[in-house]
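# Build me a structure from this.
(chains A and B)
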2 protein chains.
Amino acid sequence: MLVSGRKEPFVPQALPLAELRQKIGVNAYTGSTSGLAPGYLQANLVILPADWANDFLLFCQRNPVACPLIGVTEPGCPFLNDIGADIDISRHAPEYHVFYNGQFDTSVADLSEHWRDDLVAFVLGCSFSFEDALVQSGLTVRNIEQGRNVSMYDTQIACQPAGRFSGNLVVSMRPFTSQDAIRAIQITSRYPKAHGAPVHFGTPAAIGISDINTPNYGDAVDIFDGEVPVFWACGVTPQNVIRHSKPPICITHAPGKMLITNLLNNALSVL
Amino acid sequence: MLVSGRKEPFVPQALPLAELRQKIGVNAYTGSTSGLAPGYLQANLVILPADWANDFLLFCQRNPVACPLIGVTEPGCPFLNDIGADIDISRHAPEYHVFYNGQFDTSVADLSEHWRDDLVAFVLGCSFSFEDALVQSGLTVRNIEQGRNVSMYDTQIACQPAGRFSGNLVVSMRPFTSQDAIRAIQITSRYPKAHGAPVHFGTPAAIGISDINTPNYGDAVDIFDGEVPVFWACGVTPQNVIRHSKPPICITHAPGKMLITNLLNNALSVL
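Numbers count the residues shown, from 1 in each chain, chains lettered A, B, ... in the order given. Okay, the predicted model is just below:
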């Protein structure tokens, strides 16, 4: 919208989903999707060549808490009716990371230069869905409150290997009082497709985290007196596994810049 | 059963519910009901004069986690169809405690000497129901494993007062690893009529417990490295409240010697 010849500042939070997606599709927005299109399910993306896809499908089946599958495309096709027929998975995330042989190579705003007829996209649930449910239930999610990325940590918990894929679980952490942690366990249990209930709370060292104040990914957040760190399986786990397993090519969304789907978060809830 | 003129030892665990109840009804068994009639709901009892009953009914309504109401009798009638038409509440608990003006007076095996036309019985859910569910789910309940009564503690958490009733919450404690605690929170959330989810875990001092190894009621149990104490609201809370509120007469079951109903534990589960 033009006002007196001057362009209004772009406020993605204010955009309805269709307009936001259009902006992302033409690379006019390449930022974080945290807090955008509230209520809509945001997803992790893992894109692999077809000859690695079966191994990864089995990896997801064996590690459903870290890798909750929402859907898998046919080879070469970047569309998936289950999440929205108008979503081009190769264009509608704000930014993508391209890995060769497990090594990060480049960030791109769309996959027009990288898409191939043999690529299969895995759409995986994301903790943004349960954070929305926690906030709706009146809990304070510290990373949201402090305007930071969630704290994420490598652990010594081994995933169940599948074919050429193996590696350790990555967890996200949110601090709560024990009363709020109990409530958070109840609420997130209702979202098995968004990592579900926590995998651990309390002593970080028990799962191989040596310094809670130095996350391996994301930002540190304050943990106040009387709070315990609560750990959920994290959608960064596949990126950890890919580094370890070295497929010739793999493409993911850039952390925090998720694929926004047409599904409602609450459509994922059970019970 | 007589074998060669010698009486077989009495093994209440082996008795079907009807025979066990008959033994209890004639005061041939006055022991603990822990582990008896597995699968059947056991209940806390609070019996008050009718002119104190409305206050206690309101107290239960305001404190449903500590006092989950299964049913309330009509004044003077010791029967309640909802729990089993053949259950005489004045005879079918193994032992009763009689309090005058909030002070414990005597233990009796039945209420034939104490029943009055104005007495109202409150039948309240009991943690035995969720312990059964925890064990069925493969968790180890330490007090059962160690053959001890559960550890119970006075807290500084005030109940919501109602009329003449007020006092602090009593909690029971079971230690678990964090992974098992998360599972225990999920399972007990399904039993709101048996105290439901925990009210606290971790630091005992946060709820006014100064020494976890010295419970106010029941027995201490071992807490091993890597375990956290998990606290549930406890059916001993009404006895605490009665001491504090001093009704002229109050009768309860003796701790651990519950009223066994015809309801199944699983009939109480939700979700």
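# rest of the way, CA atoms for contacts and neighbours
Will do.
# just how off-centre is the host helix or strand of A:F122 within its chain?
Here A:F122, judged by DSSP states H and E, is contained in strand A:119-124. Between the centre of strand A:119-124 and the centre of its chain there are 13 Å (CA atoms, centre = their mean, to the nearest Å).
# In its sheet, which strands sit next to it, and in what direction?
Sheet partners assigned to strand A:119-124 using DSSP bridges are listed as strand A:40-49 (antiparallel), strand A:69-72 (antiparallel).
# Identify the residues contacting it?
A:43-50, A:53, A:67-78, A:89, A:193, A:235 (CA atoms under 8 Å, 6 or more residues apart in numbering or on different chains).
# what about A:L41, neighbour count?
A:L41 has 26 neighbouring residues, counting by other CA atoms under 10 Å in any protein chain shown.
# Isn't A:A85 up against A:F79?
Yes - between A:A85 and A:F79 there is a contact under CA atoms under 8 Å: 6.5 Å.
# who's in contact with the residue nearest to A:C60 when sequence neighbours are not counted?
Spatial nearest neighbour of A:C60, excluding adjacent residues (CA to CA, 6 or more residues apart in numbering or on different chains): A:C67 at 5.1 Å. The contact partners of A:C67, taken as CA under 8 Å, 6+ apart, are A:C60, A:Q61, A:L124, A:G125, A:H195, A:G235, A:T237, A:P238.
# and the gap between A:C67 and A:V230?
From A:C67 over to A:V230 the distance is 19 Å, taken as CA to CA, to the nearest Å.
# count of neighbours near the residue of the stretch 1-150 of chain A found nearest chain B?
Of the residues in the stretch 1-150 of chain A, the one nearest chain B is A:V65, at a distance of 13.8 Å by CA to the nearest CA. When neighbours are counted by other CA under 10 Å, A:V65 registers 23.
# which residues in chain A form strands?
Using DSSP state E, the strands of chain A run over A:2-3, A:6-7, A:40-49, A:69-72, A:96-100, A:103-108, A:119-124, A:151-158, A:168-177, A:200-201, A:227-233, A:249-253, A:259-264.
# May I see those arranged in TSV, with mean pLDDT as well?
As requested, the strands of chain A are arranged in TSV below (pLDDT from 0 to 100):
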stretch	mean pLDDT
strand A:2-3	40
strand A:6-7	48
strand A:40-49	96
strand A:69-72	95
strand A:96-100	97
strand A:103-108	97
strand A:119-124	97
strand A:151-158	96
strand A:168-177	97
strand A:200-201	98
strand A:227-233	98
strand A:249-253	96
strand A:259-264	96
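# what's the closest of these to B:A14?
Of all these, strand A:200-201 sits nearest to B:A14, with 39.7 Å by CA to CA.
# Let me know whether that closest one sits next to chain B.
Yes - contact between strand A:200-201 and chain B is present through A:H200, A:F201 (criterion: CA under 8 Å from any CA of the partner chain).
# Check the offset of that strand from the chain's centre.
Centre to centre, stretch against its chain (CA atoms, centre = their mean), the figure for strand A:200-201 is 20 Å.
# measure A:R21 to A:I260 for me?
A:R21 sits 8 Å away from A:I260, going by CA to CA.
# Pull the contacting residues for A:P78.
Contacts of A:P78 by CA under 8 Å, 6+ apart are A:D88, A:I89, A:S90, A:V120, A:A121.
# Looking at those residues, point me to the pair that's furthest apart.
A:D88 and A:V120 (12.9 Å).
# related to what we said a few turns ago, tabulate the contacts of A:C67 in JSON lines, adding columns for neighbour count and distance to A:T252.
As requested, the contacts of A:C67 are arranged in JSON lines below (neighbours: other CA atoms under 10 Å in any protein chain shown; distance: CA to CA, whole Å):
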{"residue": "A:C60", "neighbour count": "23", "distance to A:T252": "15"}
{"residue": "A:Q61", "neighbour count": "15", "distance to A:T252": "19"}
{"residue": "A:L124", "neighbour count": "25", "distance to A:T252": "11"}
{"residue": "A:G125", "neighbour count": "31", "distance to A:T252": "13"}
{"residue": "A:H195", "neighbour count": "26", "distance to A:T252": "18"}
{"residue": "A:G235", "neighbour count": "28", "distance to A:T252": "11"}
{"residue": "A:T237", "neighbour count": "22", "distance to A:T252": "12"}
{"residue": "A:P238", "neighbour count": "27", "distance to A:T252": "9"}
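# Out of those, which is nearest to A:S166?
Nearest to A:S166 among those: A:P238, at 9.3 Å, using CA to CA.
# What ranges in the stretch 1-150 of chain A fall below the confidence cut-off?
When residues are selected by pLDDT under 70, those of the stretch 1-150 of chain A lie in A:1-11.
# The same query, at a cut-off of 80, please.
Across the stretch 1-150 of chain A, the ranges flagged by pLDDT under 80 are A:1-14.
# how about the residues of it near chain B?
Checking the stretch 1-150 of chain A against chain B by CA under 8 Å from any CA, there are no hits.
# show me what contacts A:G196?
Taking CA under 8 Å, 6+ apart, one finds A:V65, A:T188, A:S189, A:R190, A:W232 in contact with A:G196.
# From chain B, how far out is the second one?
Right, A:T188. Per CA to the nearest CA, to the nearest Å, A:T188 is found 10 Å from chain B.
# What is the neighbour count of that residue?
24.
# measure it to A:S137 for me?
Here the distance between A:T188 and A:S137 works out to 11 Å (CA to CA).
# same thing with the fourth one?
In this structure, A:R190 and A:S137 are separated by 13 Å, where distance is defined by CA to CA.
# More neighbours: the two, which one.
For A:R190 versus A:S137, neighbours defined as other CA under 10 Å are more numerous around A:R190 (19 against 12).
# Quick check: the more buried one touching A:S269?
Yes - counting by CA under 8 Å, A:R190 sits close enough to A:S269 to count as a contact (5.2 Å).
# Of the contacts of A:C67, which is the nearest to A:F224?
Nearest to A:F224, judged by CA to CA, of the contacts of A:C67 is A:H195 at 24.8 Å.
# The residue nearest to the closest one when sequence neighbours are not counted: what's it in contact with?
Excluding the flanking residues, the one nearest A:H195 by CA to CA, 6+ apart is A:V65, at 4.8 Å. Each residue near A:V65 by CA under 8 Å, 6+ apart is listed here: A:P192, A:K193, A:A194, A:H195, A:G196, A:A233.
# Switch the strands of chain A over to JSON lines; also include distance to A:S34.
Shown next, in JSON lines, are the strands of chain A (distance: least, CA to CA, whole Å):
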{"stretch": "strand A:2-3", "distance to A:S34": "27"}
{"stretch": "strand A:6-7", "distance to A:S34": "24"}
{"stretch": "strand A:40-49", "distance to A:S34": "9"}
{"stretch": "strand A:69-72", "distance to A:S34": "19"}
{"stretch": "strand A:96-100", "distance to A:S34": "16"}
{"stretch": "strand A:103-108", "distance to A:S34": "19"}
{"stretch": "strand A:119-124", "distance to A:S34": "16"}
{"stretch": "strand A:151-158", "distance to A:S34": "14"}
{"stretch": "strand A:168-177", "distance to A:S34": "15"}
{"stretch": "strand A:200-201", "distance to A:S34": "24"}
{"stretch": "strand A:227-233", "distance to A:S34": "18"}
{"stretch": "strand A:249-253", "distance to A:S34": "13"}
{"stretch": "strand A:259-264", "distance to A:S34": "10"}
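# Of all the ones you listed, which one is nearest B:V170?
Nearest to B:V170 among these is strand A:168-177 (20.0 Å), distances taken as CA to CA.
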